[in-house]
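Peer 1: Below is the structure, and that's it, no one-letter string:
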């Protein structure tokens with residue numbers, strides 16, 4: 001096994017409609033060398049699939065050695081570390097709180113280096129934070145890498161990371177880069193394989209994966225996230241607001 005990559009996962013509760021301003025504010029912080037973390041991505045969760053208003057941030061810590069530096073700086077030194085006070089004050093106007101998790105990579109996870117190299121891009125992200133039977137997280141992620149990752153890739157999904165949540169033994173987190181079209185193609189193929197008339201070919205691999213996943217999971221939930229344009233894993237620019245004519 002290579003060295004474990006340690007990722008900070010943040011759920012941030014947003015004030016009103018401040019998701020976009022907050023994500024822009026996060027990108028400013030990433031450019032400050034005093035922060036130490038490397039921003040892998042910032043997204044807002046779609047209200048049609050998740051709790052809102054909420055933003056998700058993922059940061060690379062630089063492994064356990066980098067995590068030591070982060071913990072040390074935020075421990076007793078936090079009171080004297082006032083170099084980012086202006087940034088924090090502005091951030092508090094845009095958010096009300098949040099919940100952080102520490103993620104650890106598993107051997108099957110794509111390396112952070114692929115993200116830093118710009119190889120993970122999408123206009124829509126699929127974010128899974130799932131509860132598993134205690135102690136079965138690594139087995140679940142290994143099965144996902146073997147059975148689901150190749151199938152999802154055929155529909156245009158790129159795996160960003162397969163992570164177990166550290167400091168307890170019942171959660172895993174996975175993130176996939178895709179597009180709205182890829183997301184619909186995969187779900188229509190899954191429904192067709194399950195017997196629904198979707199006017200498309202079914203893909204038995206997707207149905208088989210859900211059956212396999214249920215051997216490990218106690219609660220599965222997937223949500224859609226929109227990436228901040230100009231971020232490492234987001235598109236280069238915003239899209240316009242032209243709607244598809246369905247008539």
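Peer 2: Alright, I've got the coordinates. From a predicted model like this one, the values you see are computed outputs, not experimental measurements.
Peer 1: Excluding chain neighbours, give the residue nearest to the residue positioned nearest the centre of the chain in space.
Peer 2: Central residue of the chain (Cα atoms, centre = their mean): residue 175, 4.2 Å from the mean position. In space, and not counting its chain neighbours, residue 175 is closest to residue 160: 4.2 Å by Cβ to Cβ, 6 or more residues apart in numbering. Using the backbone N, CA and C atoms, a C-beta is placed for each residue, glycine as well.
Peer 1: which residues touch the helix or strand where the one you found lies?
Peer 2: Element membership of residue 160 [criterion: DSSP states H and E] is strand 158-165. By Cβ atoms under 8 Å, 6 or more residues apart in numbering, the residues outside strand 158-165 that reach it are 7, 9, 40-41, 58, 101-106, 108-110, 112, 115, 119-122, 125, 129, 137-138, 141, 144-145, 149, 152-153, 171-178, 233.
Peer 1: For it, what is the distance to the chain centroid?
Peer 2: Centroid separation between strand 158-165 and its chain, computed with Cα atoms, centre = their mean, to the nearest Å, is 8 Å.
Peer 1: who does it pair up with?
Peer 2: In the sheet, strand 158-165 lines up against strand 95-105 (antiparallel), strand 171-178 (antiparallel) (DSSP bridges).
Peer 1: Deepest in the core, which of the ones you listed is it.
Peer 2: Highest mean neighbour count of those: strand 171-178, a mean of 23 (counted as mean count of other Cβ atoms under 10 Å).
Peer 1: could you give the mean pLDDT of that strand?
Peer 2: In this model, strand 171-178 carries a mean pLDDT of 98.
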